[in-house]
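In: no sequence on this one, just coordinates:
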């Protein structure tokens, strides 16, 4: 996924305003009346599109004007939107928008890290239970190629939910199979 900050802001403004239009005039009207949470992503979108002065003019006399002027001043000092957001100088409500973007942007990598951890537990449980990979695929009705690739180390082949299903099934079978096995005593 190649999500840009501007693309995220467009979707976020649509979601928070409850309308599909990205007209700055309509968004400012919504922010001042029924959807105040759209104010911050709206102004960041205006900065990204070079329309900050226009939106500032639309917000004149509203509760948003002072905040917009402060962020515009910080933007002028930083020189770019990327450096403004990454320098941690934004007021908290604007910084929350940046953090929401980073969360969405980094979610696939986080899911792959979690999948890798679950894969290790799954392989251990499969080894203990004696369940074959093929048997696992049949029992859970999963694509054999994707499961084999995942268990071989390609953490992008299955979703986080599927990885969890695989792990839980393998661990459940491991405890069922392990209960009937004789325990080996060292020495």
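Out: That came in fine, so what should we check first? Everything quoted here is computed from the prediction, not taken from an experiment.

In: by contact count, what packs against the helix or strand hosting residue 41?
Out: For residue 41, the host element (DSSP states H and E) is helix 39-48. Packing contacts for helix 39-48, counted by 3 or more C-beta pairs under 8 Å, 6 or more residues apart in numbering; DSSP states H and E, involve helix 5-17, helix 24-32, helix 52-58, helix 65-78, helix 81-86, helix 92-129. Any C-beta I mention is one placed from the backbone N, CA and C, and that applies to glycine too.

In: As JSON lines, those helices with mean neighbour count, mean pLDDT and distance to residue 40 would be great.
Out: Below are those laid out as JSON lines (neighbours: other C-beta atoms under 10 Å; pLDDT from 0 to 100; distance: least, C-beta to C-beta, whole Å):
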{"stretch": "helix 5-17", "mean neighbour count": "18", "mean pLDDT": "95", "distance to residue 40": "9"}
{"stretch": "helix 24-32", "mean neighbour count": "20", "mean pLDDT": "95", "distance to residue 40": "9"}
{"stretch": "helix 52-58", "mean neighbour count": "17", "mean pLDDT": "95", "distance to residue 40": "12"}
{"stretch": "helix 65-78", "mean neighbour count": "15", "mean pLDDT": "94", "distance to residue 40": "8"}
{"stretch": "helix 81-86", "mean neighbour count": "16", "mean pLDDT": "87", "distance to residue 40": "12"}
{"stretch": "helix 92-129", "mean neighbour count": "16", "mean pLDDT": "92", "distance to residue 40": "5"}
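
In: could the ones you listed be laid out in TSV, adding distance to residue 157?
Out: Output for those, formatted as TSV (distance: least, C-beta to C-beta, whole Å):
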stretch	distance to residue 157
helix 5-17	26
helix 24-32	40
helix 52-58	43
helix 65-78	40
helix 81-86	32
helix 92-129	9
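
In: The residue nearest to residue 131 when sequence neighbours are not counted: what secondary structure?
Out: In space, and not counting its chain neighbours, residue 131 is closest to residue 173: 4.9 Å by C-beta to C-beta, 6 or more residues apart in numbering. Here residue 173 is recorded as helix under DSSP: H, G, I helix; E, B strand; the rest coil.

In: Offset the numbering so it begins at 40, please.
Out: Yes, from this point I'll number from 40; that puts the last item at residue 212.

In: Burial check on residue 212, number of neighbours?
Out: When neighbours are defined as other C-beta atoms under 10 Å, residue 212 has 19 of them.

In: do you know how far it is from residue 56?
Out: Distance, residue 212 to residue 56, by C-beta to C-beta, to the nearest Å: 49 Å.

In: residue contacts, the most centrally placed residue in the chain?
Out: In the chain, the residue lying closest to the centroid (C-alpha atoms, centre = their mean) is residue 143, at 2.5 Å. Applying C-beta atoms under 8 Å, 6 or more residues apart in numbering to residue 143 gives the contacts 42, 47.
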